[in-house]
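Student: Here is a sequence together with a model predicted from it:
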Amino acid sequence: GLGEDATRFEVLASEGSLTEQSVRKKLQSQDPLEKAQGIRECRQLDSKVAAEYLLEACEAKDIAVRYQALNMLAGMGPQDAPAKAAEVLSAILQDDPEPTVQAVAADAIAGLGLNVCLPLLREKLQTSVEWITRLSVVAALGAMQDTGSFDLLVTALEASPDADSNTHMVQITAVAALGELGDKRAIAALQPFVDHPDPLLQMQ
């Protein structure tokens, strides 16, 4: 139960001082709880070492572990990107069965500044039907200021007015992304949303 899990975390936390070796051992464990603690402890390592360890954890079988590792990678910068980051994250974005994991992989690609992945992000925006993945891809393209995705972002913006709330969130994100591109062509596409009934869209 939850109580037992909490106790186990306390025991794990009390076992010895933290070193690169101790963190790596936890990340290589078959126990998802121990892996999860190893991921959290990566915060206390050198950022480049941590990024390498997290990238390995991104390929774990456990969904929660993959998500946690990717989420932490997304908070790092281009200076920390491991050599194989583009290869590993591209595979996750393309093939992971979980849309939430695909989404956070897009976040990590943007965080690490992996411009080599831009063509894949554009393709994913065109082919994915999962709103959470599309939202993160749109945000990533904006954060990476990918001018090559201008038309795709306009298309994401121009969803049906009676679209569901999830698609609406993608629209709002597309407005922000177009703003980040700084392309004056976006003004015409954004004009109809100035008087939109949704205050969030107006504000963006």
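Tutor: Yep, it's here. Keep in mind that this is a model prediction, so the values were computed, not measured. Numbering: from 1, shown residues only.

Student: Please, where are all the helices along this protein?
Tutor: 2-14, 20-27, 32-41, 47-57, 63-74, 85-95, 99-111, 118-127, 131-143, 150-157, 165-181, 186-190, 199-203 (DSSP state H).

Student: Now for the closest residue to residue 125 other than its chain neighbours: which residues touch it?
Tutor: Leaving aside its chain neighbours, residue 125 sits nearest to residue 137 (4.8 Å; criterion: Cβ to Cβ, 6 or more residues apart in numbering). For the C-beta atoms, the positions are set from N, CA and C on the backbone; glycine is no exception. By Cβ atoms under 8 Å, 6 or more residues apart in numbering, residue 137 lies in contact with 103, 106, 121, 124, 125, 128.

Student: Most neighbours out of these, which is it?
Tutor: Using other Cβ atoms under 10 Å as the neighbour criterion, residue 106 leads those with 31 neighbours.

Student: Would you confirm that it contacts residue 143?
Tutor: No. With contact defined as Cβ atoms under 8 Å, residue 106 does not reach residue 143; the gap is 9.8 Å.

Student: Let's have the contacts of residue 137 in JSON lines, adding distance to residue 91.
Tutor: What follows is the contacts of residue 137, written out as JSON lines (distance: Cβ to Cβ, whole Å):
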{"residue": "103", "distance to residue 91": "15"}
{"residue": "106", "distance to residue 91": "13"}
{"residue": "121", "distance to residue 91": "14"}
{"residue": "124", "distance to residue 91": "12"}
{"residue": "125", "distance to residue 91": "18"}
{"residue": "128", "distance to residue 91": "15"}
